[in-house]
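J.: when you get a sec, could you give me coordinates for this:
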Amino acid sequence: MTVAASAIPVPPIELDDAIRSELFGVERLEQHAESLAAAQQVGRTPDAGRPLLPRVKDNRRALREAYQTISRAVRDEGTTTAAVEWFIDNFHVVDEQLREIR
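T.: A predicted model of the protein is given here:
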């Protein structure tokens, strides 16, 4: 006797659970950070790379534009997702960090 695949109950995956679940635990995250750091080459002169501040300024501008666009869309349409809620709720934190970098 065979059982059809649709007859086997599969528990639904809650979206919030999937978003909040840990991909890496603290220990695994530390190991990953160490392996990433070991793989990077460090230049001998401080001017060896691209300047950071112009990139930070561009990123801040792009994030502010995204925030304004998303906020208007949520206000006009009234619908949202977990990612949109997170971005709107935490934009001030991201913006403050970018200001501190400058």
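
J.: hey, let's count contacts and neighbours off CA atoms from now on
T.: Noted.

J.: shaky segments in the protein?
T.: Low-confidence segments of the chain, defined by pLDDT under 70, are located at 1-22, 46-48.

J.: buried residues, the longest helix that it contains. List them.
T.: Using DSSP state H, we find that the single longest helix of the chain is helix 52-77. For helix 52-77, the neighbour count (16 or more other C-alpha atoms under 10 Å) marks Arg60, Leu63, Tyr67, Ile70, Ser71 as buried.

J.: show me what that helix is packed against.
T.: Judged by 3 or more C-alpha pairs under 8 Å, 6 or more residues apart in numbering; DSSP states H and E, helix 52-77 is in contact with helix 82-101.

J.: keeping just the C-alphas, turn stretch 64-75 into PDB.
T.: Extracted as PDB, the C-alpha positions of stretch 64-75 are listed here (Å, rounded to 0.1, in the frame of the first residue of the first chain):
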ATOM      1  CA  ARG A  64      16.800  58.000   2.700                       C
ATOM      2  CA  GLU A  65      15.300  57.800  -0.700                       C
ATOM      3  CA  ALA A  66      14.200  54.200  -0.100                       C
ATOM      4  CA  TYR A  67      12.700  55.200   3.300                       C
ATOM      5  CA  GLN A  68      10.700  58.000   1.700                       C
ATOM      6  CA  THR A  69       9.500  55.900  -1.100                       C
ATOM      7  CA  ILE A  70       8.500  53.000   1.100                       C
ATOM      8  CA  SER A  71       6.800  55.300   3.700                       C
ATOM      9  CA  ARG A  72       4.700  56.900   0.900                       C
ATOM     10  CA  ALA A  73       3.700  53.400  -0.400                       C
ATOM     11  CA  VAL A  74       2.700  52.200   3.000                       C
ATOM     12  CA  ARG A  75       0.700  55.300   3.700                       C
END
